[in-house]
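Participant: Fold the following.
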Amino acid sequence: MRWIHCLAIGALSLGLAACTTSPTGRSQLTLLSDEQLDQMGAQAFAQYQQELPMVGGAPLRYVQCVTDAVIRALPERERAQNWQVKVFESEQANAFALPGGYVGINTGLLDVARNQDQLASVIGHEIAHVLARHANERASTETATQLGLSVISSASGLQGAGGETMMAALGMGAQYGILLPFSRRHESEADTLGLTLMAEAGFDPRASVALWNNMSQAGGASPPAWLSTHPSHGQRIGGLEAGMGEAMARYEQARRTGRTPNCPRP
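Facilitator: Model prediction:
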């Protein structure tokens, strides 16, 4: 069909214009500059600080200690950033890292991550999203998808109730067939990179599996993996276990070279 041909041409043009490679060797579509991503990260971090109260004292020192140890294992360019760390008062077991060097941890996560190694697995995972430019790829994929749908709408001449129904169906297909699988791929890639990162920082990578067992016990019902932006807990644990041999070798090497973080849990 003519509109499929148009969509293919548009997607190919975007891909040729901004194709990069992730740390695992996967091809990526990245349309935004580092400066744009850093600005977006700063804005999101500022908004988060406005929405939730911040916590200082022992919880912040603990999170800062673990984050600093992980940051010391980063490549030089990322390590040189002025990373900012905040702890937020919230029961949600959530954490994030943003382009530009921002890390946020909710107090609810400190109840699930029961020691420094489990917390390091979360922080390593979140920082891995930044290293792999997932925010850029996610935003770029959404932009390309919306452009493709606009091309379909214009080229097909869909109008009226029938046209609206068709476009809604196409939008649903884009959401579940393109955007959500991409996010699951990001999560799995961040699991792999985060496992390596925490091990190279001197944290026991086996704690990552323990953390997700904790998450599974603490969490309620979750949607099927194909309807979720995240892999299931079982899928995550399976992926982590598959890379555990190499991670343990990196961990033992890090310990031999003096990377032995000691961050007492409050």
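Participant: can you count the residues close to Ala58?
Facilitator: Residue crowding around Ala58 was assessed by other CB atoms under 10 Å; the count is 12. Every residue, glycine included, has its C-beta placed from N, CA and C.
Participant: Report the buried residues of the strand or helix carrying it.
Facilitator: When elements are defined using DSSP states H and E, Ala58 is found to belong to helix 57-71. Neighbour-count burial for helix 57-71, with 16 or more other CB atoms under 10 Å as criterion, is recorded at 59-60, 62-67, 69-71.
Participant: Can you tell me which of those residues is closest to Cys263?
Facilitator: Of all the buried residues of helix 57-71, Cys263 sits closest to Cys65, with 3.7 Å by CB to CB.
Participant: which residues in the stretch 1-150 of the chain form strands?
Facilitator: Using DSSP state E, counting those that start in this stretch, the strands assigned to the stretch 1-150 of the chain run over residues 19-21, 27-29, 54-55, 84-88, 95-98, 102-106.
Participant: one step back: may I see the buried residues of helix 57-71 organised as JSON lines, with distance to Arg255 added?
Facilitator: Formatted as JSON lines, those follow (distance: CB to CB, whole Å):
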{"residue": "Pro59", "distance to Arg255": "26"}
{"residue": "Leu60", "distance to Arg255": "26"}
{"residue": "Tyr62", "distance to Arg255": "21"}
{"residue": "Val63", "distance to Arg255": "22"}
{"residue": "Gln64", "distance to Arg255": "22"}
{"residue": "Cys65", "distance to Arg255": "17"}
{"residue": "Val66", "distance to Arg255": "16"}
{"residue": "Thr67", "distance to Arg255": "19"}
{"residue": "Ala69", "distance to Arg255": "12"}
{"residue": "Val70", "distance to Arg255": "15"}
{"residue": "Ile71", "distance to Arg255": "18"}
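Participant: Out of those, which comes closest to Ala95?
Facilitator: Relative to Ala95, and with distances defined as CB to CB, the nearest of these is Val63, at 9.2 Å.
Participant: which residues of the stretch 1-150 of the chain score low on pLDDT?
Facilitator: Counting by pLDDT under 70, the stretch 1-150 of the chain has low-confidence residues at 1-18, 22, 24, 143-150.
Participant: Tell me where it has helices.
Facilitator: Counting by DSSP state H, counting those that start in this stretch, the stretch 1-150 of the chain has these helices, from start to end: 2-17, 34-51, 57-71, 76-79, 107-112, 116-131, 134-156.
Participant: packing partners for the third one?
Facilitator: Using 3 or more CB pairs under 8 Å, 6 or more residues apart in numbering; DSSP states H and E as the contact criterion, the neighbours of helix 57-71 among helices and strands are strand 84-88, strand 102-106, helix 107-112, helix 116-131.
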